[in-house]
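Q: Below is the structure, and that's it, no one-letter string:
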Ligand SMILES: Nc1ncnc2c1ncn2[C@@H]1O[C@H](COP(=O)(O)OP(=O)(O)OP(=O)(O)O)[C@@H](O)[C@H]1O
Ligand SMILES: [Mg+2]
């Protein structure tokens, strides 16, 4: 009896508290604003889309909160697997690298930035498993094969290098490589950006299924409102480095409040 009460409390706590809290994050490149005064929280299992025109600061913000870039000001705290909230910029280099390799995923717009192009597809996926301590070759290969299947890459391509893959296949491989360690938070920067429209649609479908099945928290940067509509629960709209509107995706797209968001939404509808 006591035990079940404890478990309930633990699970309530896990979902009631944010996974990541971003406070007053700013990044300046000399005099130029990259992003300014950004605040938000993300909860476990939630998909947050960051949208805005080119140069609005989306990539800068994503890089700051994933520790790829050090902000000029502000704090980012993250709930570690032991439940403790930690300041990301206070982590030691080893802790930070471990987070990046295990608890987090980062899906780049250009798959070549997120893959090792000269090792096999199987090794690209297996490498992340080894980073979390898997050593058994047969098991690693079996898991890699399973993941290739989940991203619709034929098992007989496992020994091919990604440079022998099409753009869409490379992107699916990058997704498999990132998700195989069951990360809790995945950052994505325009993951469908470089692909043609029909390939994009299939990839989005696949991503939506995986995100839902795995209960992942995702922070996805896109300039495409249709991508945000399809994948995200919440949206932040950026302009000139600042967040100008933030809310539930359906509410924001159906009833935008800020004039700039109204313009964005109406220009899409006219197309
Ligand atoms: N390394 C850098 N040095 C100087 N300025 C930079 C650098 N990176 C970005 N900026 C500037 O910061 C601002 C935001 O750029 P950022 O790349 O974050 O925009 P974005 O919203 O990701 O755009 P896009 O949709 O084109 O990828 C822009 O004015 C850009 O010129
Ligand atoms: Mg960008």
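A: Ah, there it is. Because the structure is a prediction, the values reported are computed rather than measured. Ligands and ions are numbered 1, 2, ... in the order given.
Q: Next, the buried residues of stretch 79-86.
A: For stretch 79-86, a neighbour-count test (16 or more other Cβ atoms under 10 Å) marks residue 79 as buried. All C-beta spots, glycine's among them, are computed from the backbone N, C-alpha and C.
Q: Give me the distance between the two termini of that stretch.
A: Using Cα to Cα, to the nearest Å, the end-to-end distance of stretch 79-86 comes to 6 Å.
Q: so residue 24 sits in a strand?
A: Yes. Counting by DSSP: H, G, I helix; E, B strand; the rest coil, residue 24 is found in a strand.
Q: contacting residues for the closest residue to it other than its chain neighbours?
A: Spatial nearest neighbour of residue 24, chain neighbours left out: residue 74 (4.2 Å); criterion: Cβ to Cβ, 6 or more residues apart in numbering. Residue 74 makes contacts with 22-26, 37-38, 64, as judged by Cβ atoms under 8 Å, 6 or more residues apart in numbering.
Q: and residue 74, how far is that from residue 42?
A: Distance of residue 74 to residue 42, computed by Cβ to Cβ, to the nearest Å: 15 Å.
Q: Could you point out the longest helix of this structure?
A: Of all segments of type helix in the chain, defined using DSSP state H, the longest is helix 197-214.
Q: what does the chain have sitting close to ligand 1?
A: 29, 32, 34, 52, 54-60, 223 (Cβ under 6 Å from any ligand atom).
Q: one more time with 5 Å, if that's ok
A: Where the chain comes near ligand 1, counting by Cβ under 5 Å from any ligand atom, the residues are 29, 34, 54-60.
Q: mind listing which of those residues are in strands?
A: If you go by DSSP state E, the residues of the chain next to ligand 1 have 29, 34 in strands.
Q: that older thread, for the longest helix of the chain, give the mean pLDDT please.
A: Average pLDDT, helix 197-214: 90.
Q: Bridged to the residue nearest the centre of the chain, which residues?
A: What sits nearest the mean C-alpha location of the chain, by Cα atoms, centre = their mean, is residue 187, with 2.1 Å. Going by DSSP bridges, residue 187 is paired in beta bridges with residue 106, residue 219.
Q: name the helices or strands packed onto the strand or helix carrying residue 230?
A: Element membership of residue 230, judged by DSSP states H and E, is helix 225-231. If you count contacts as 3 or more Cβ pairs under 8 Å, 6 or more residues apart in numbering; DSSP states H and E, helix 225-231 packs onto strand 47-52, helix 197-214, strand 217-221, helix 249-254, helix 259-270.
Q: Give me the sheet partners of the first one and which way each runs.
A: Strands flanking strand 47-52 in the sheet, each with its direction: strand 217-221 (parallel), strand 234-239 (parallel) (DSSP bridges).
Q: Mind putting the ones you listed into a markdown table with mean pLDDT, distance to residue 245 and mean neighbour count?
A: Shown next, in a markdown table, are the strands paired with strand 47-52 (pLDDT from 0 to 100; distance: least, Cβ to Cβ, whole Å; neighbours: other Cβ atoms under 10 Å):
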| stretch | mean pLDDT | distance to residue 245 | mean neighbour count |
| --- | --- | --- | --- |
| strand 217-221 | 97 | 16 | 25 |
| strand 234-239 | 97 | 4 | 23 |
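Q: thinking again about what came up before, any idea how far the residue nearest to the centre of the chain is from residue 65?
A: 8 Å.
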